[in-house]
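> Quick check, what structure comes out for this input:
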Amino acid sequence: MLLALLVGLVVPVGGAAHAGHGHKVFPERIPLPDGFQPEGIAIGPGPFAYLGSRVDGRIYRADLRTGKGGVFSPGPGTTSLGLKTA
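Next comes the predicted model:
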């Protein structure tokens, strides 16, 4: 009985990234620029993630639906840590 409950809890979470008929809803990975070391990560508003680089302070913005993104801010040349969006 306990095993059935645990399986019931795990299966929906694992299947959440897939829509019917095997089509993915979200990408499994979001590629970042070479040398980018993400630390601060903020989500939203909307389906966007913002990642700060520990190397040079660049801020990368990624669309969580497609996995595509780009450098949102070139940064000050020092780390960008502890991001927060409004």
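
> Do a quick rundown of the helices in the chain.
Using DSSP state H, the helices of the chain run over residues 2-15.

> Contact partners for the spatially most central residue of it?
Nearest to the geometric centre of the chain sits Ala49, at 5.6 Å (Cα atoms, centre = their mean). Listed by Cβ atoms under 8 Å, 6 or more residues apart in numbering, the contact set of Ala49 reads Ile30, Ile41, Ala42, Ile43, Arg61, Ala62, Leu64, Gly69. From N, CA and C alone the C-beta is placed, and that goes for glycine too.

> Now Ser53: closest residue in space that isn't a chain neighbour?
Sequence neighbours aside, Phe36 is the residue nearest to Ser53 in space, at 5.0 Å (criterion: Cβ to Cβ, 6 or more residues apart in numbering).

> The one you found touches Arg58, doesn't it?
Yes. Under the criterion of Cβ atoms under 8 Å, Phe36 makes contact with Arg58 at 6.8 Å.

> With neighbour numbers in mind, choose between these two.
Legend: neighbour count by other Cβ atoms under 10 Å for Phe36 and Arg58, higher for Arg58 (23 against 16).

> Find the residue closest to that one in space, skipping its chain neighbours.
Gly75 (4.1 Å).

> thinking that neighbour is in contact with Tyr60, fair?
No. Applying Cβ under 8 Å, one finds Gly75 not in contact with Tyr60, separated by 9.8 Å.

> re the thing from before, among the contacts of Ala49, which ones are buried?
The neighbour count (16 or more other Cβ atoms under 10 Å) marks Ile30, Ala42, Ala62, Leu64, Gly69 as buried among the contacts of Ala49.

> Among these, which one sits closest to Thr85?
Thr85 lies nearest to Ala42 out of those, by Cβ to Cβ, at 4.5 Å.

> who's in contact with the residue nearest to Ser53?
Leu51, Ser53, Val55, Arg58, Tyr60.
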